[in-house]
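Asker: 3D, please:
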Amino acid sequence: MSRSMLERLQRLPRVAVLLLGLALIAGIAWLDNVTGPKLLLNVFYLLPVMLVAWVTASTAYGLLAVLATFLVGPLETYRDGHGFYSLPVATWNAGMRTAVFCIVLLLLAEVRKLVARLQEQSLTDELTGLANRRAFLDVAAREIERSRRYRHELSLAYLDIDAFKAANDRFGHAVGDRVLIALAGLARATARSVDTVARIGGDEFVILMPETDAPAALPLAERLRAACSRAAGTGAAPVTCSIGVVTFERAPSDLEELLTSADALMYEAKAAGGDGVRHARVGAPRSTATDGRLLPFAQRTGA
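Answerer: I've put the predicted structure just below:
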């Protein structure tokens, strides 16, 4: 079964998936009855059981499917008038099949946990615990599409630690790692629950703010900059950061436009001496200044 098919099934209600599994079991039971006892189809009953358990992510639903496979043998024996097996033999055979299926369900549950753990690790920055670049790109692509569909504003803050390489070389990587972890904690604490905070490079962080206009995005970035200056450094290695914030009043054309726009503003803040925020709007009739920190930004065309 293809991945896209599984994703479509996972969007269905779990009861609907269970009913689909039961229908498959009924179909296999019909084929089993037609072919007779000389052609064993036991292994095929396992397929809908695994499908139900995996798609619903529930061992309980899988057990309901297993119960349906257990009932097949005795019901067929009763229907055939005990022509091939006696009821006790059919019940024993069904019980043995059920025991094997239950073991498979337990193993499947462990595999599901392992897959979930690996998926989480593949989307998480190991050092800071934030979303990594891959996770950010996935979320950003969805938010760009939502912004385009519903015409919501979208803001992105791009943060870079000032002179981090020099401090890292001077004080050591252990101190540098502590600074990154501290900054990640500050960014997570400053951002809202609807925002996505990610580490996308060595000392580069982003905060994606869906449905957020300029008056809301700029104060958040200012709070983060101030908090970074106060707390992210150590006595031996004070730390400041430069932040570029871009607000799209219409959806950016792609991920590259989203990132490069904020990245360019971040470098403007860094070139001005660091420890600052530069903000601009894209798609606005005109760009204005706020406290000397809002820079003119080139008007763009396109969707």
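Asker: Quick one: the helices in the stretch 151-300 of the chain, in order.
Answerer: Using DSSP state H, counting those that start in this stretch, the helices of the stretch 151-300 of the chain run over residues 164-171, 173-190, 214-227, 255-271.
Asker: Among those helices, which comes closest to Val111?
Answerer: helix 173-190 (31.2 Å; C-beta to C-beta). In this view, the C-beta of every residue, glycine as well, is placed from N, C-alpha and C.
Asker: Where do the strands of the stretch 51-200 of the chain begin and end?
Answerer: 154-161, 196-199 (DSSP state E, counting those that start in this stretch).
Asker: between those, which one is nearest to Gly27?
Answerer: strand 196-199 (44.1 Å).
Asker: Does anything pack onto the closest one? Which helices or strands?
Answerer: Contact analysis of strand 196-199 by 3 or more C-beta pairs under 8 Å, 6 or more residues apart in numbering; DSSP states H and E lists helix 133-150, helix 173-190, strand 204-210 as its packing neighbours.
Asker: For these, which has the smallest mean pLDDT value?
Answerer: Ranked by mean pLDDT, the helices and strands packed on strand 196-199 bottom out at helix 173-190, with a mean of 91.
Asker: Okay, angle between that helix and strand 204-210 too, please.
Answerer: Per axes from the mean of the first three to the mean of the last three C-alpha atoms, to 10 degrees, the angle that helix 173-190 makes with strand 204-210 is 10 degrees.
Asker: Work out the gap between helix 173-190 and the centre of the chain.
Answerer: With C-alpha atoms, centre = their mean, to the nearest Å as the basis, helix 173-190 stands 22 Å off its chain's centre.
Asker: quick revisit: kindly compare burial across the helices and strands packed on strand 196-199 and name the winner.
Answerer: Of the helices and strands packed on strand 196-199, the one with the most neighbours on average (mean count of other C-beta atoms under 10 Å) is strand 204-210, at a mean of 24.
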